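Participant: sequence and predicted model, in that order:
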Amino acid sequence: MDRLPDAVTNGRLAACPSHGPYRSRHLLGSIWSKCPVCAEERDAAEREAEARRRAEVERQRLAEMLETAAIPRRFQGRGFDNFHAETPAQRRALEAARDYARQFGEHLRGGKGLVFAGLPGTGKSHLAGAILQAILPAHVGLYTTCMGLIRAIRATWRRDAERSEAELLREFGRVPLLVIDEVGVQYGTDGEQTILFDVLDRRYRDAMPTLLLTNQDREGLKQCIGARAYDRVRETASWVTFNWPSHRLAARQAASPFNPPQEGSSP
């Protein structure tokens, strides 16, 4: 049997303009391997480009989920780590929200919800948005205000409505987590209470968790949403109190150029 040339079996010397001499391996016929350093750099560049492509796809997917969840832009990106928890009450609220998101799979199976109650500007919406973002991408919830929900249902009553009331109620009923903000801002009429009860009762019967955000105390919430709806909320939701001053008020006062000096401070 004829012996193959050494150049075929052991390779031959070649030179790369960028990386200098290297040993080229015989591949097939007149085809010889190129510079291995160039090949590694090319592979690394392709891996980096693929990683960027995957990151962009994931970013777009997350943006679509945030849009589907209707989280207000102001609260997108606000999470548990940038919530200012300086007092014991604030730390308890933060831990309640963080724990709820951490165990959301269990709460989804049991229909366990939350009520965030306190004055405006205390961080209720911040923590609600943090929960909605923390449960992504496994679960895409939905944020709405109470009046937004009521107006959406009423809009289906028009002759030219794109969706029926039944379709919208199904959507509100089957979303994994429904966050209803500003509960108590509505007028509390019988018609509003009926709409809100329809949504809450559907979620109660299907054991779907709901998060209510309100400025009201327990009795005020009961008056706003009605006794029947309140009874369902009381059975399925834990109450978290936000009983500290408004962050927004403090921020506005600190930023105002017209703030008078405090008593005892230097002018």
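Facilitator: Cool, got the structure. Numbers count the residues shown, from 1 in each chain.

Participant: and the spatially most central residue of the chain, how far is that from Arg98?
Facilitator: Per Cα atoms, centre = their mean, the C-alpha nearest to the average position across the chain is that of Gln133, at 1.7 Å. Distance, Gln133 to Arg98, using Cβ to Cβ, to the nearest Å: 12 Å. For glycine as for every other residue, the C-beta is placed from the backbone atoms N, C-alpha and C.

Participant: thought Phe80 was touching the residue nearest to the centre of the chain, still the case?
Facilitator: No. With contacts counted by Cβ atoms under 8 Å, Gln133 stays clear of Phe80, the gap being 9.5 Å.

Participant: now the element after the helix or strand harbouring Arg52, going C-ward?
Facilitator: Counting by DSSP states H and E, the element that carries Arg52 is helix 36-69. Next in sequence after helix 36-69, counting helices and strands by DSSP H and E, comes helix 88-102.

Participant: what separates that next one from the chain centre, distance-wise?
Facilitator: 16 Å (Cα atoms, centre = their mean, to the nearest Å).

Participant: what is the mean pLDDT for it?
Facilitator: Regarding helix 88-102, the rounded mean pLDDT is 97.

Participant: please name every helix or strand in contact with it.
Facilitator: strand 113-118, helix 124-134, strand 237-242 (3 or more Cβ pairs under 8 Å, 6 or more residues apart in numbering; DSSP states H and E).

Participant: nearest to Pro36, out of those?
Facilitator: Between Pro36 and the helices and strands packed on helix 88-102, the shortest gap by Cβ to Cβ is with helix 124-134, which sits at 44.9 Å.

Participant: state the mean pLDDT of that closest one.
Facilitator: For helix 124-134, mean pLDDT is 95.

Participant: remind me which residues of the stretch 1-150 of the chain are low pLDDT?
Facilitator: For the stretch 1-150 of the chain, residues meeting the criterion pLDDT under 70 lie at 1-10, 55, 57-68.
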